[in-house]
Each structure stands twice: as C-alpha cells, then as structure tokens.
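J.: Predicted model and sequence follow; I will ask about them next.
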Amino acid sequence: MVNKVAGLAVTAFLAEHIQKLKIAVIGDVMLDRYFHGEVKRISPEAPVPVTKINRIKSVLGGAANVAANLAHLECRVFMGGVTGDDENRVLLECLMADAGIDYSGLAKSERRKTITKLRVLGGNQQMLRLDFEETGDLYPEEIVALRHWLAGLLDDGLDGIIVSDYAKGVCSDDFCHWVINEGHAYNIPVLIDPKGSDWTKYDGCDFITPNLKEMCEAAGCQRDNEDAAVVEMARVAKDKYHIKNVVVTRSERGMSLINDHEVLHSPATAIEVFDVSGAGDTVAATLLAGAAGRLPLEDAIYMANRAAGIVVAKVGTYPVHRDELLKDLLTEERKQGRGYRTLSWQEIASLAATWKACGEKIVFTNGCFDILHVGHVTYLEKARNLGKHLIVGLNTDASVRRLKGETRPLVHELDRARVLAALACVDAVVLFDQDTPTELIEKIRPDILVKGGDYKPEEVAGREYAGEVRIIEFEDGYSTTGVVEKIANMVKEGKL
C-alpha cells in the first residue's frame with residue numbers, strides 16, 4: 001500500500017514547486033466537442049431520440065488533454081504534434097492559448113484534417129459520438145519539424161516529456177525511440193501513455209501508464225483485476241521492454257506501480273464516478289509532474305490517484321486544477337489528523353473560478369466561529385444547502401480581537417479553521433484579517449452570500465460582489481458568548 005503520510009510532501013510540492021516545471025507533451029492532438037441538450041421525444045423519421053441542443057462546448061482532447069492537465073496544474077507546458085489547417089485547428093489554438101499552453105510545436109498540415117470527436121449528450125447521458133479523423137504516419141517534413149522543436153526545448157532545459165499515443169500516427173516506432181533516447185541523454189524522465197499490444201517502440205522508457213485493458217492486451221491474455229495478476233503482467237512487460245516503472249490504472253481498484261524495487265497499490269478515491277473520459281490523461285500528467293519534480297514515487301502515485309478521483313466525478317473530459325487538487329489533498333490530510341493549513345486568497349479564488357466554470361453554485365459566509373457549537377453547525381448546514389459548495393471566511397485572531405475585545409478569541413485561528421473544515425457541509429475555509437470580508441468576497445464572487453441574524457440584505461458587507469444575499473436566522477439559545485458566560489458563572493459558583 002502507498003505510505004499513509006505521502007500527502008505531506010505532495011501538498012508542499014503543489015503549493016510551492018510545481019509551477020516551476022517545464023514539460024513537453026508529444027502525441028496525437030484532438031479536439032473534443034460536446035453538444036449538450038435535452039431529450040423529450042422520439043424522432044418520427046426513425047426510432048431514435050431527438051436531442052434539442054442548448055449548449056456547445058469545445059475542449060482539448062487526446063494528447064492535448066494531457067497538456068491541459070499540466071497547464072491547469074500550473075506547469076509550463078509545450079505541445080508537439082500535427083493538425084490540419086482548418087477551423088478546428090483555430091479552435092485548438094484558442095483553447096491552448098486560454099490554457100497557457102505553448103503550441104509552437106504543433107505542426108500545421110494541408111494534407112491532414114484536425115482530429116475531432118463530437119459527442120451529443122441528453123442530460124448527462126451520451127447519446128451519440130462522431131469521430132472525424134485521418135490516421136497515418138508522419139510525413140518526413142513533420143518528423144524533422146518535431147525533432148527540431150523538441151531538441152530546442154531540451155537545450156533550453158526541460159524537466160520531463162510525455163508521449164501520449166492514441167495510434168493516430170504521430171507516435172511511430174522510430175520517433176518514439178528517438179524521444180526516449182533524447183530524454184535519457186538529458187537525464188529527464190519520459191512517460192508513455194501507450195496504445196496497442198506491441199510495446200516495442202516504448203522500449204527503455206521511464207514510465208508507462210496502461211489501464212487494465214491495455215495491460216492485458218500487452219500481455220496477450222485476459223486477467224482479473226486482482227493485485228497478483230496485475231503485478232505478474234506488469235513484471236513481464238517491464239522486463240521484456242526494459243521499462244523502469246509500469247503504472248497500471250485499475251478503475252475501482254485504484255492504481256498500481258511495479259518496478260525492480262517495489263510494488264505500490266493505491267486504492268481508488270472517487271466516491272461517485274460519472275465519466276472516466278480523460279482519467280488516464282490526468283494520471284499521466286500528474287504522475288510525470290511528480291516524477292519531474294523529484295517527488296518520491298509513492299508520493300507521485302498518491303497525487304496522481306487523488307487527481308484521477310476528482311476527474312472521474314466530473315462529466316466529460318476535464319483537466320484537474322492545481323488549487324482543486326491541493327484542496328482535496330489538504331482535506332485528506334485533515335481527515336488523517338495531520339498538519340492543517342487554510343487556502344490562500346489566490347488559491348480560493350482559483351478554486352471558486354474552477355467550480356463556476358463547471359456550473360457549480362458557490363455559497364459564501366463568514367464569521368469568528370469561536371467555540372463551535374450546534375447553532376453554528378445548523379447555520380452552516382442551511383447555508384450549504386443553498387448551493388453546491390460552501391466557502392467559509394474566518395476572522396483571524398487579530399480581527400476577532402478588534403471586533404470582540406482583547407479576551408477573544410478563545411480558540412486560535414488555525415484551530416478554529418480546522419474544526420470548521422472538518423464539517424461535511426464546509427468545502428473550504430479561508431482566513432481574512434480585515435474587519436469585514438468585502439475584499440475577500442470580491443476575490444471569490446460567490447453566487448450566494450449568506451449572513452446570519454437580523455441583518456437586512458442591503459446591510460451585508462460585500463453584497464455588491466455576490467449574485468444574491470440570503471439571511472438565515474440563528475438557532476435560538478445558542479451563542480459563544482452564552483457558553484463563555486455559563487462557564488464563568490460555574491467557576492464563580494465553585495462548580496468548576
């Protein structure tokens with residue numbers, strides 16, 4: 001099993017170091033298009049559902065989704081591959097520019113069309129998929145361009161390379177061998193996300209990340225999703241193709257790493273699984289980032305597994321975000337009783353933007369929450385029920401003293417934050433030092449701003465930066481002041 005204290009190094013890596021990495025991604029670039037709609041009737045022309053389209057979304061797919069994952073983890077990312085010279089190429093360029101991906105290695109060919117996958121969804125159910133693609137090996141001039149591009153990056157300094165093979169033509173035998181050898185020459189890890197049963201072209205790579213089906217294809221047999229079977233297949237492939245680390249993703253069984261020195265099994269983390277599309281890309285990106293950042297392998301596996309757990313809980317191809325993953329890891333640390341820290345303003349703003357982009361409603365409230373009691377919990381549960389995510393702004397100790405006097409707070413700010421974060425209804429806690437949370441609310445811009453007591457909406461600080469304001473009444477008979485007074489009276493009476 002993966003070391004239970006793995007998260008300690010990972011959170012520091014995500015918070016402080018991952019942004020410094022420079023990683024190249026090479027492979028079959030695709031555009032994923034999603035046509036979202038609703039189904040209310042069957043077509044009179046044929047026995048098929050009629051989907052009324054109300055939203056169209058385009059996202060990076062294939063090797064480009066690996067690059068998108070790295071970019072959202074805030075690595076510096078360089079994309080290499082080939083596309084057509086068409087409208088879908090233009091869409092790809094816009095998406096990559098928005099994600100901060102350097103696509104100077106993306107060759108444009110008049111002899112190709114940009115690989116595009118179109119999916120029609122009724123509600124959250126995929127109704128139809130259409131693939132537009134032309135497969136074939138790279139032309140000589142494309143090979144020269146890609147080699148020249150990667151050689152320049154290596155000379156300037158890279159931390160890692162990912163080869164994302166979707167068997168569309170970019171990852172030929174000779175080209176893969178050349179990339180692996182160049183990575184070794186510069187002493188940087190090369191990770192392969194494989195395709196097909198013959199791994200000869202991946203010989204000598206540092207990491208390979210098959211799913212269970214791909215592992216069975218490479219082994220030439222069908223095996224159950226059991227630890228012993230997976231380890232046996234991985235060891236045979238490792239020895240046959242001289243691969244340093246085989247990492248098998250195993251759906252509900254999590255993932256396993258096998259090398260010459262150890263076997264690590266990391267259990268699945270997702271509570272709900274909606275869509276496994278792109279999960280393999282997330283594993284490849286996150287694992288290579290960890291390896292490139294010199295994380296211990298158990299930490300890199302742990303981080304990749306947590307990232308995959310986030311992705312499969314989303315609908316469609318979804319690149320995991322650094323702040324989202326950091327929040328998940330901090331939450332897991334808290335559950336295991338380890339060190340706790342709140343999110344920074346920048347991290348909470350980024351996380352809120354990620355949730356909004358997914359169409360998830362954000363609720364914000366604030367307070368001192370000194371000596372948490374049932375009144376607080378009831379209030380927070382009511383606030384959380386108004387949306388998908390609840391963010392709590394917590395007054396620092398200095399702020400509490402200014403508001404309530406030098407004898408308060410009774411509980412240190414980080415202790416108050418940790419207790420709040422332990423509540424199932426609270427998604428994130430962030431400290432603010434000002435007398436009001438207005439500046440923090442401006443950063444987050446929640447859909448709903450909640451205040452407790454007898455306030456009027458027009459009196460609530462920060463209301464101009466929220467979609468709406470809701471007032472929730474406090475539970476009668478509960479207050480921190482009341483608890484303090486009760487304790488003081490019991491001391492006076494000699495009962496304590």
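T.: Perfect, I can see it now. None of these values were measured; they are calculated from a predicted model.

J.: which stretches of the stretch 301-450 of the chain form strands?
T.: 362-367, 389-395, 428-432, 448-452 (DSSP state E, counting those that start in this stretch).

J.: between those strands, which one is nearest to Ile53?
T.: When the strands of the stretch 301-450 of the chain are compared by CB to CB, strand 362-367 sits nearest Ile53, at 27.0 Å. For the C-beta atoms, the positions are set from N, CA and C on the backbone; glycine is no exception.

J.: Strands along the stretch 151-300 of the chain, start to end?
T.: 160-164, 190-193, 207-208, 245-249, 255-258, 263-266.

J.: Can I get the ones you listed in CSV including mean neighbour count, distance to Tyr379 and mean pLDDT?
T.: Compiled in CSV, the strands of the stretch 151-300 of the chain are given as follows (neighbours: other CB atoms under 10 Å; distance: least, CB to CB, whole Å; pLDDT from 0 to 100):
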stretch, mean neighbour count, distance to Tyr379, mean pLDDT
strand 160-164, 28, 47, 97
strand 190-193, 28, 47, 97
strand 207-208, 26, 48, 97
strand 245-249, 26, 41, 95
strand 255-258, 23, 40, 93
strand 263-266, 19, 38, 90
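
J.: For stretch 93-104, buried residues please.
T.: 95-96, 99, 101-103 (16 or more other CB atoms under 10 Å).

J.: Report the rounded mean pLDDT for that stretch.
T.: When pLDDT is averaged over stretch 93-104, the result is 96.

J.: What helices and strands are in contact with the longest helix along the chain?
T.: Ordering each helix of the chain by length in residues (DSSP state H) puts helix 140-156 first. Where contact means 3 or more CB pairs under 8 Å, 6 or more residues apart in numbering; DSSP states H and E, helix 140-156 is packed against strand 22-27, strand 76-84, strand 102-109, helix 173-185.

J.: Which residues does the third one contact?
T.: Just to be clear, that refers to strand 102-109. 24, 26, 29, 76-85, 89, 92-93, 96-97, 139, 142, 145-146, 149-150, 153 (CB atoms under 8 Å, 6 or more residues apart in numbering).

J.: got the angle for that strand vs strand 76-84?
T.: 10 degrees (axes from the mean of the first three to the mean of the last three CA atoms, to 10 degrees).

J.: And for the first one?
T.: Angle of strand 22-27 versus strand 76-84, following the same axes, to 10 degrees, is 20 degrees.

J.: Please apply the same query to the longest one.
T.: Angle, helix 173-185 to strand 76-84, by the same axes, to 10 degrees: 170 degrees.

J.: returning to that earlier point: show the buried residues in the contacts of strand 102-109.
T.: If we count by 16+ other CB under 10 Å, the contacts of strand 102-109 have these buried: 24, 26, 29, 76-84, 89, 92, 96, 142, 145-146, 149-150, 153.

J.: Tabulate the CA atom coordinates of the longest helix of the chain in CSV.
T.: This file holds the C-alpha atoms of helix 140-156, laid out as CSV (Å, rounded to 0.1, in the frame of the first residue of the first chain):
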residue,chain,number,x,y,z
PRO,A,140,9.2,13.4,-43.4
GLU,A,141,9.0,17.1,-43.1
GLU,A,142,6.7,16.7,-40.0
ILE,A,143,9.2,14.5,-38.3
VAL,A,144,12.0,17.0,-39.0
ALA,A,145,9.9,19.8,-37.6
LEU,A,146,9.0,17.9,-34.4
ARG,A,147,12.6,16.8,-33.8
HIS,A,148,13.9,20.3,-34.3
TRP,A,149,11.3,21.7,-31.9
LEU,A,150,12.0,19.1,-29.1
ALA,A,151,15.8,19.4,-29.5
GLY,A,152,15.5,23.2,-28.9
LEU,A,153,13.4,22.7,-25.8
LEU,A,154,15.9,20.2,-24.4
ASP,A,155,18.8,22.6,-25.0
ASP,A,156,16.8,25.3,-23.2
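
J.: ok, which stretches of the stretch 1-150 of the chain are strands?
T.: Residue ranges of the strands in the stretch 1-150 of the chain, as given by DSSP E, counting those that start in this stretch, are 22-27, 29-42, 49-62, 76-84, 102-109, 116-122, 125-132.

J.: Report the rounded mean pLDDT for the last one.
T.: Confidence over strand 125-132 (mean pLDDT, whole number) is 90.

J.: returning to that earlier point: so which of the strands of the stretch 1-150 of the chain is nearest His412?
T.: Closest among those, using CB to CB: strand 76-84, at 38.0 Å.

J.: That closest one - contacts with which helices or strands?
T.: Using 3+ CB pairs under 8 Å, 6+ apart: strand 76-84 touches strand 22-27, strand 29-42, helix 63-72, helix 87-99, strand 102-109, helix 140-156.

J.: I'd like to know which of the ones you listed is closest to Ala424.
T.: Per CB to CB, nearest to Ala424 of those: helix 63-72, 26.5 Å.

J.: so the closest one versus strand 102-109, what angle?
T.: 170 degrees.

J.: so Lys22 touches Tyr186, yeah?
T.: No. Using CB atoms under 8 Å, Lys22 is not in contact with Tyr186, being 11.8 Å away.

J.: Pull up the overlap in contacts between the two.
T.: Shared contacts of Lys22 and Tyr186, counting by CB under 8 Å, 6+ apart, come down to Leu158.
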